[in-house]
Structure formats: C-alpha cells, structure tokens
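Enquirer: Here is a sequence with its predicted model. Questions after.
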Amino acid sequence: MLYSGLGIIVNGWYTPVSVIAEVRNTMQVQVNGEAIELHEGATVAALVEKMALMGKRLAVEVNEDIVPRSQHEQFVLSNGDRVEVVHAIGGG
C-alpha cells in the first residue's frame, strides 16, 4: 500500500505527521473536576477566555494555590494541573 507525505502507521492506520504534531501540542487539565483540553503553553488567562469569563469577578486556584488576577496572563498551565475557577455572582 502506498502513502503520500510524511507519517507513521498507528494501529494499522496511516497518520500524517501534521496530525501527530497537533496532538502533541495539546495538554489536558482538570477544571472544576472536568477534563479540558488546551494548547501547550496555555495561560490561566487563556483558560478564563475559553470559559467565556473574561472581565467577570472570579478566583482561580491551580493545584491548591491561588493565582492572583495580576498573574493570569503570565501563569502557564501544565499537563495534569488541577484548576478550580469560582465565579462570583451578585445578588441581593
């Protein structure tokens, strides 16, 4: 059987290298107990944006440590991190 392009055989199926590279460029974190897939190098700010919570009053904890809002842009998440996001809802 002939295959075009650069790739490998995985479980009997031809997989192009571009697909392999894409898979390797992702990671999984636990957010409020749910597995979420993010790109490697994603920050807390990127996660908050993905959750559509930008500009909201919230607290973020990564592996039981609070991440101040001032560090959301710089704090890089790692594969397997456990993240808790608490969104404050006003009311009276």
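Expert: That came through fine. Values in this document were obtained by computation on a predicted structure and should not be read as measured data.
Enquirer: show me where pLDDT drops low in this structure?
Expert: 1-24, 91-92 (pLDDT under 70).
Enquirer: What segments of it are strands?
Expert: Here the chain has its strands, by DSSP state E, at 7-10, 13-16, 26-31, 34-39, 58-62, 65-67, 82-87.
Enquirer: Any chance of those in TSV with distance to F75 and mean neighbour count as columns?
Expert: To be clear about C-beta, it is placed using only N, CA and C from the backbone, and glycine gets the same treatment. Listed next are the strands of the chain as TSV, based on distance: least, Cβ to Cβ, whole Å; neighbours: other Cβ atoms under 10 Å:
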stretch	distance to F75	mean neighbour count
strand 7-10	34	12
strand 13-16	33	12
strand 26-31	12	16
strand 34-39	13	12
strand 58-62	7	16
strand 65-67	5	13
strand 82-87	10	15
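Enquirer: Just list the residues touching the residue nearest to the spatial centre of the chain, thanks.
Expert: In the chain, the C-alpha nearest the mean C-alpha coordinate belongs to L38, at 2.5 Å (Cα atoms, centre = their mean). By Cβ atoms under 8 Å, 6 or more residues apart in numbering, L38 lies in contact with 26-29, 46-47, 50, 77.
Enquirer: Pairing partners for the closest residue to V83 other than its chain neighbours in the sheet, please.
Expert: In space, and not counting its chain neighbours, V83 is closest to V31: 4.7 Å by Cβ to Cβ, 6 or more residues apart in numbering. Beta bridges link V31 to E34, V83, judged by DSSP bridges.
Enquirer: And E61, by the same measure?
Expert: Bridge pairing for E61 - DSSP bridges - gives I66, E84.
Enquirer: ditto for M27
Expert: Counting by DSSP bridges, the residues bridging with M27 are L38.
Enquirer: And stretch 41-48, what's buried?
Expert: By 16 or more other Cβ atoms under 10 Å, the buried positions in stretch 41-48 come out as 42-48.
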